[in-house]
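Visitor: Sequence plus the predicted model coming up.
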Amino acid sequence: MRFVSYWENGAVRPGVLVDASASSVLGLSTLYPSILDLLEACNGDFSSISAAIESDRLPEVGALSDLELAPPVCYPRKMLCVAGNYIDHIKEGGGTLEAHHTQAPWVFTVPPTTVLTGHRQPIKLHPQFRKTDYEGELAIVIGRRAKGVSAADAGKYIAGYTIYNDVSERSPFMTEHVEKPRELSFWYTKSFDTYGPLGPAVVTCDEIPDPQALTIRVLVNGEERQRCETRLMIFTVYDLVAFLSSFLTLEPGDVIATGTPSGVGLATGKFLNPGDRVQVSIDSIGTLENDVVAD
């Protein structure tokens, strides 16, 4: 099952695709106002949605390719991101693997209502952009309230998975006068408006039995820039849910971006420019595509 959010008459509506082969979106507005409301109400059990589909009670609202998509969870209460979760990415950034890299995840947050944007929506480069980078990532969507969850039980609290592009301004204009900008929060490089494409859909866990057996692939203008398997994460999907829930309450709809592999522009010198097209693909989920434009 795949949940999407789409724009209709100025409002964001919830929809569902039965599976990866479905082309038409079924509307869920008669059942829930939004995907966030759906996740809260279902508490990880989507049998009511399955029953509505099977009884033919949901109207078709259009082909997925024709709809204007919003972030599939619009908007999560928390957008939690992980940095340095792949060894090769740490190394390409000039770092070396040290004990602290494996002792606790490096977590930061971004403001979801202004950062997140949907599939096929533009990444709007700030007028003072300098070195804007792409970062393809697997993202976790929480389905049940979680606090103090073990890694062994973490899967029970995940609704599904989606794709995140952690677009980053490596040389933010507002901190260019700072002597040691790396000592500032990641917030300064990753909280620009529209710098967080998310989507196209939340794919439920039954379609992704092993989130550590997926391949992430990033193309810019058709050129492959990143390719990596999620089994190479330092902290697995379940580790991250356990760690975060040990000190904060995870709520339905919360999104956790699990970090990017190597191949980013910071290492290659190939940054984003107006006119570029970025495609982030992950097995069993699909492709998140966004054009880059000047704001």
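Guide: All right, it came through fine. Everything quoted here is computed from the prediction, not taken from an experiment.

Visitor: Now do the strands in the stretch 101-250 of the chain.
Guide: 106-109, 116-117, 123-125, 132-133, 136-142, 158-165, 168-169, 196-204, 215-220, 223-229 (DSSP state E, counting those that start in this stretch).

Visitor: Centre of the chain to the last one, how far?
Guide: Pointing back at strand 223-229 there. 17 Å (Cα atoms, centre = their mean, to the nearest Å).

Visitor: Would you mind writing the CA trace of it as CSV?
Guide: Presented in CSV, the C-alpha positions along strand 223-229 are these (Å, rounded to 0.1, in the frame of the first residue of the first chain):
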residue,chain,number,x,y,z
GLU,A,223,24.4,11.2,-14.5
GLU,A,224,24.7,8.8,-11.6
ARG,A,225,26.2,10.6,-8.6
GLN,A,226,25.4,8.3,-5.7
ARG,A,227,24.8,4.5,-5.4
CYS,A,228,24.9,2.6,-2.2
GLU,A,229,23.1,-0.2,-0.3
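
Visitor: if we can go back for a sec, with mean pLDDT added, can I get the strands of the stretch 101-250 of the chain in JSON lines?
Guide: Shown next, in JSON lines, are the strands of the stretch 101-250 of the chain (pLDDT from 0 to 100):
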{"stretch": "strand 106-109", "mean pLDDT": "94"}
{"stretch": "strand 116-117", "mean pLDDT": "98"}
{"stretch": "strand 123-125", "mean pLDDT": "98"}
{"stretch": "strand 132-133", "mean pLDDT": "97"}
{"stretch": "strand 136-142", "mean pLDDT": "98"}
{"stretch": "strand 158-165", "mean pLDDT": "98"}
{"stretch": "strand 168-169", "mean pLDDT": "96"}
{"stretch": "strand 196-204", "mean pLDDT": "98"}
{"stretch": "strand 215-220", "mean pLDDT": "98"}
{"stretch": "strand 223-229", "mean pLDDT": "97"}
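
Visitor: among the ones you listed, which is nearest Val237?
Guide: strand 136-142 (5.7 Å; Cβ to Cβ). Heads up, the C-betas are built off the backbone N, CA and C, glycines and all.

Visitor: for that closest one, packing partners?
Guide: strand 158-165, strand 215-220, helix 237-245, strand 255-257, strand 277-282 (3 or more Cβ pairs under 8 Å, 6 or more residues apart in numbering; DSSP states H and E).

Visitor: Which one of the ones you listed lies nearest to Gly118?
Guide: Short answer: strand 158-165, nearest of those by Cβ to Cβ, at 10.9 Å.

Visitor: Dump the strands of the stretch 101-250 of the chain to a markdown table, plus distance to Leu64 and mean neighbour count.
Guide: Converted to a markdown table, those look like this (distance: least, Cβ to Cβ, whole Å; neighbours: other Cβ atoms under 10 Å):
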| stretch | distance to Leu64 | mean neighbour count |
| --- | --- | --- |
| strand 106-109 | 30 | 16 |
| strand 116-117 | 17 | 24 |
| strand 123-125 | 21 | 22 |
| strand 132-133 | 28 | 24 |
| strand 136-142 | 18 | 27 |
| strand 158-165 | 14 | 27 |
| strand 168-169 | 28 | 25 |
| strand 196-204 | 8 | 27 |
| strand 215-220 | 20 | 20 |
| strand 223-229 | 25 | 16 |
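
Visitor: Identify whichever of the helices and strands packed on strand 136-142 lies nearest to Arg231.
Guide: strand 215-220 (9.6 Å).
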